[in-house]
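Engineer: using only what follows, build the 3D model:
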Amino acid sequence: MGRPRPAWRTFRRHKPAVAGAVITLFLLLVVLFAEFLAPFGTGRLNADYTYAPPQTLRVSLSEGLYVHGYSFEQDENLRIHYSIDESERIPVRLLAKGEPYRLLGVIPADRHLIGPVNPDDPMYLLGSDRVGRDQLSRLIHATRISLSVGLVGVALAFVLGVALGGISGYLSGRVDTLIQRLIEFVMAVPTLPLWLGMTAAIPVDIGPVRRYFLISVILSLLAWTTLAREVRGRFLMLRHEDFVTAARLDGATGKRIVFRHMLPSFTSHLIAALTLSIPGVILAETALSWLGLGMRPPVVSLGVLLNDATSVRVIDQAPWLLLPGLLVVVIVLALNFVGDGLRDAADPYRR
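Structural biologist: Residues are numbered from 1 along each chain as shown. Just a heads-up that it's a prediction; the model follows:
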């Protein structure tokens, strides 16, 4: 029997997982540098360009980067119809000066990856919404909010799952029975109605930061049960292993046995389980925000953007506002592929 391949090599042979990892790393960069990557802020609007179609970024040797302007006319129903005006060229620049912000929340800056030379010129690479806000900028900021809610929610669920699952498996007996009945009760409650009820109970006038953390806590309250059962099963299996018995005979405390011997023995499985649980939390936040019960304006999340794209008029007149739905699919698939790859890499029988 040959030697098992290292975990990283097994992961590298999983092509969808590698592609998902590249996409995930790009999304993490978006989370960290959203203000720099977005041409404008989320609140910048221009009522003269409502539902403006996407522009194509062009380049010429003499003028550099540019986009064509718009020409428009109103029909008898007062609906504005846009067309690209090829006679007008709006100069665009990399590292353009724009709205001031704080990079990583600390460093003052006013340079954006791309933007018009004149900040007042219309530049809508992915179109605009019903009040003339840049869809690309809002999509970048929404990605950061939705991903960070998923990460925070899963982190809280991870702490709950590992703590309660570890206590249940290590102590067993009545404590195990009590925690397992609690897990069964939580899993028996319909998830979506409970989420809807808890989010509906959040005061309407609450600040965006507090709502952000409350939504994260609500999503984590029902996401910890599966991980807790996995941790419990591992602890029940490991508590009688030779290395645990040796540590106990050596006088190690229960805390040391758990954190220095038992948990590190299946850390890779925890990481895989953690990665696979993030898409579910992101989908839950998106669904709640789409229903108007999660994040709310002025905060921008993928669910909030999809909530703006629910009318028939939007589908007919501005189909580019449905792009957040496509981005949700890409994020979920990428994270699932990464989770599958990590799970296979952590399984010695699959190497």
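
Engineer: per-domain residue ranges of this structure.
Structural biologist: 8-30+139-350, 49-126 (automatic domain parsing).

Engineer: deepest in the core, which of those is it.
Structural biologist: With neighbours taken as mean count of other CB atoms under 10 Å, these reach their highest mean count in domain 8-30+139-350, at a mean of 18. C-betas here are computed from N, CA, C, even on glycine.

Engineer: excluding chain neighbours, give the residue nearest to residue 145 in space.
Structural biologist: Among residues not flanking residue 145 along the chain, residue 301 sits closest, at 4.3 Å (CB to CB, 6 or more residues apart in numbering).

Engineer: typo on my end, residue 95
Structural biologist: residue 111 (5.0 Å).

Engineer: I'd assumed residue 36 was in contact with that neighbour.
Structural biologist: Yes - using CB atoms under 8 Å, residue 111 makes contact with residue 36 at a distance of 7.2 Å.

Engineer: how about the domains of the chain in CSV, adding mean pLDDT?
Structural biologist: As requested, those are exported to CSV (pLDDT from 0 to 100):
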stretch, mean pLDDT
domain 8-30+139-350, 85
domain 49-126, 88
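
Engineer: which one of the ones you listed lies nearest to residue 42?
Structural biologist: domain 8-30+139-350 (5.0 Å; CB to CB).

Engineer: how about the residue at minimal distance from the centre of the chain, nearest residue that isn't a chain neighbour?
Structural biologist: The centre of the chain sits closest to residue 147, judged by CA atoms, centre = their mean, with a distance of 1.8 Å. Leaving aside its chain neighbours, residue 147 sits nearest to residue 31 (5.3 Å; criterion: CB to CB, 6+ apart).

Engineer: residue 176 too?
Structural biologist: residue 168 (4.7 Å).

Engineer: can you verify residue 102 is assigned to a strand?
Structural biologist: Yes - counting by DSSP: H, G, I helix; E, B strand; the rest coil, residue 102 is located in a strand.

Engineer: by residue count, which helix of this structure is the longest?
Structural biologist: helix 135-171 (DSSP state H).

Engineer: how far away from the center of its chain is that one?
Structural biologist: Computed by CA atoms, centre = their mean, to the nearest Å, the chain-centroid distance of helix 135-171 equals 9 Å.

Engineer: the residue nearest to residue 145 contacts residue 142, correct?
Structural biologist: Yes - Residue 301 lies in contact with residue 142 (CB under 8 Å); the separation is 5.1 Å.

Engineer: from residue 101, how far out is the residue nearest to residue 95?
Structural biologist: 9 Å (CB to CB, to the nearest Å).

Engineer: quick one: residues contacting residue 34.
Structural biologist: 140, 141, 143, 144 (CB atoms under 8 Å, 6 or more residues apart in numbering).

Engineer: what about it, distance to residue 285?
Structural biologist: Note on residue 34: its distance to residue 285, by CB to CB, is 17 Å.

Engineer: all helices for the stretch 101-250 of the chain, in order.
Structural biologist: Ranges of helices in the stretch 101-250 of the chain, per DSSP state H, counting those that start in this stretch, are 135-171, 173-188, 191-200, 208-221, 225-238, 242-249.

Engineer: can you state the direction angle for the shortest one and helix 225-238?
Structural biologist: When you say that, I think you mean helix 242-249. Interaxial angle of helix 242-249 relative to helix 225-238 (axes from the mean of the first three to the mean of the last three CA atoms, to 10 degrees): 80 degrees.

Engineer: any residues touching helix 242-249, and which ones?
Structural biologist: 238, 256, 257, 260, 261, 262.

Engineer: how about the CA coordinates for that helix, as PDB?
Structural biologist: The C-alpha trace of helix 242-249 is given here as PDB (Å, rounded to 0.1, in the frame of the first residue of the first chain):
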ATOM      1  CA  ASP A 242      -4.500   5.600  23.900                       C
ATOM      2  CA  PHE A 243      -3.100   9.200  23.600                       C
ATOM      3  CA  VAL A 244      -6.100  10.600  25.600                       C
ATOM      4  CA  THR A 245      -5.700   7.900  28.300                       C
ATOM      5  CA  ALA A 246      -1.900   8.500  28.400                       C
ATOM      6  CA  ALA A 247      -2.500  12.300  28.900                       C
ATOM      7  CA  ARG A 248      -5.100  11.600  31.600                       C
ATOM      8  CA  LEU A 249      -2.700   9.300  33.400                       C
END
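
Engineer: that helix: how far from the chain's middle?
Structural biologist: 41 Å.
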